[in-house]
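> Fold the following for me, if possible:
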Amino acid sequence: MAALDPLPAGTILVSDAKAFGCAGAVFRIDPVTGEQHTLAVAGDLQGATGIALEADGSVLISKDRFFPGTGVLLRLPVGTGTQTEVTSGGKFATPGAVAVEADGRILIADAWSGGFGAVLRVDPATGEQTVLSAGDGEGDSPPRPVMLCTAPDGAILVTEQNRLGGEDLSSRVVRVHPVTGARTTVTSGGELRSPIGVAVDGDGGILVADANAFAGFGGGVLRVDPVSGTQTTVSSGGGFVGPYAIAVEADGSLLVTDNDALNGVGTLFRVNPTTGEQQVLSSGGVFGFLTGVAVVPTYSG
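Here you go, the predicted structure:
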């Protein structure tokens, strides 16, 4: 059936917590024109916090409990906007970003799970939740998981901060071992102040969208060396006000959401990874608060 066909490779998907008068939505964005199309709306999408794709093309959406209902992980089966629940409640407190491992297991960054936050693993078939890596709880205000992604070697990369907004010099990027859950700091301090979105480029570099990076809290995108932790600037200033989520396209271009850009209008930027040049790909329309971005890959089989 045509309705069950995967979305075309290169299609951009964004999760939106507050679209359509705070109903929440998932949008499909044309990668050439930036035209916005609604894939799913309302239901449990109010408060959507993250988005990822499964191997068959199904879309996963996480939802924060601070909106009506409880923390939920949803699945939109391949080629449809129908919402089905994978799991809810349980160890979820404030489920944020969602990612999928190579074997299909699902990862969730939850800033308050267990009190100090945790990286949770979800069985895609049963919805069973397990704690892969709990927050360390060090200090009076420990950094908490915000967003995550997987690296080609299976490692899990997590951005952590102890608050959203403002300067947080304890912010860091952490590598979590996918088997033991052991956590090691990749980078901290430097230009990091409010790291949120994280992704890995084709060379293994770690890309971080930071809403308040750099002196003056200008916001931008940093590249972190996965071995040394050295931070370099990819793009800053320009149209950026509060960069939020980030993803990498097949050609290496970066997609970055910013809900404060263009006088407070939800905006999706495309960024040249070499020059840092920013292009407004899609903005305004029915966008409310863009929380996640993903790119449909080429599916095999």
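> For this protein, give me the ranges with low pLDDT.
1-5, 65-69, 137-141, 163-169, 215-217, 299-301 (pLDDT under 70).
> so which strand or helix has A93?
Using DSSP states H and E, A93 sits within no helix or strand.
> could you pull out the helices for the stretch 151-300 of the chain?
261-264 (DSSP state H, counting those that start in this stretch).
> all strands of it, in order?
156-161, 172-176, 183-188, 195-200, 206-210, 220-224, 231-236, 243-248, 254-258, 267-271, 278-283, 290-295 (DSSP state E, counting those that start in this stretch).
> so which of the ones you listed gets nearest I61?
Closest to I61 of the strands of the stretch 151-300 of the chain, according to Cβ to Cβ: strand 290-295, at 8.0 Å. Heads up, the C-betas are built off the backbone N, CA and C, glycines and all.
> Can you tell me the strand partners of that closest one and which way each runs?
On the basis of DSSP bridges, the sheet neighbours of strand 290-295 come out as strand 12-16 (antiparallel).
> which parts of the partner strand are buried?
12-16 (16 or more other Cβ atoms under 10 Å).
> what do you get for stretch 95-102?
95-100.
> if I pick the nearest residue to L7 once chain neighbours are set aside, what's in contact with it?
Of all residues not flanking L7 in the chain, V296 sits nearest, at 4.8 Å (Cβ to Cβ, 6 or more residues apart in numbering). V296 makes contact with 6-13, 53, 57 under the criterion Cβ atoms under 8 Å, 6 or more residues apart in numbering.
> was I right about V72 contacting K63?
Yes. V72 lies in contact with K63 (Cβ atoms under 8 Å); the separation is 4.4 Å.
> any shared contact partners between the two?
Each of 44, 95 lies in contact with both V72 and K63 under the rule Cβ under 8 Å, 6+ apart.
> Please identify which of those two sits among more neighbours.
Each of V72 and K63 has its neighbours counted (other Cβ atoms under 10 Å); K63 has more, 33 against 25.
> mind checking which helix or strand V98 is in?
Here V98 is assigned to strand 95-100, by DSSP H and E.
> coming back round to it: closest to V131 among the buried residues of stretch 95-102?
P95 (12.9 Å).
> Hmm, the closest one is touching T70, no?
No. P95 is beyond contact range of T70, at 9.6 Å (criterion: Cβ under 8 Å).
> Compute the inter-axis angle for the strand holding V98 and strand 290-295.
For strand 95-100 against strand 290-295, the angle by axes from the mean of the first three to the mean of the last three Cα atoms, to 10 degrees is 0 degrees.
> partner strands of the helix or strand following strand 95-100, parallel or antiparallel?
The element immediately downstream of strand 95-100 (helix or strand, assigned by DSSP H and E) is strand 106-110. As defined by DSSP bridges, the strand partners of strand 106-110 come to strand 95-100 (antiparallel), strand 118-122 (antiparallel).
> which ones are touching I246?
Counted by Cβ under 8 Å, 6+ apart, I246 has contacts 197-199, 207-209, 221, 254-257, 293.
> swap the cut-off to 7 Å and go again
By Cβ atoms under 7 Å, 6 or more residues apart in numbering, the residues touching I246 are 197-199, 207, 209, 221, 254-256, 293.
> Just give the closest residue to it, not the sequence neighbours.
The nearest residue in space to I246 (Cβ to Cβ, 6+ apart) is G197, at 3.7 Å.
> Do a quick rundown of the helices in the stretch 1-150 of the chain.
Ranges of helices in the stretch 1-150 of the chain, per DSSP H, counting those that start in this stretch, are 19-22.
> And for T291, the neighbour number?
Every residue meeting other Cβ under 10 Å relative to T291 is counted, giving 30.
> That one against S15, yeah?
Yes. Counting by Cβ atoms under 7 Å, T291 does reach S15; the two are 5.0 Å apart.
> any common contacting residues for those two?
48, 50.
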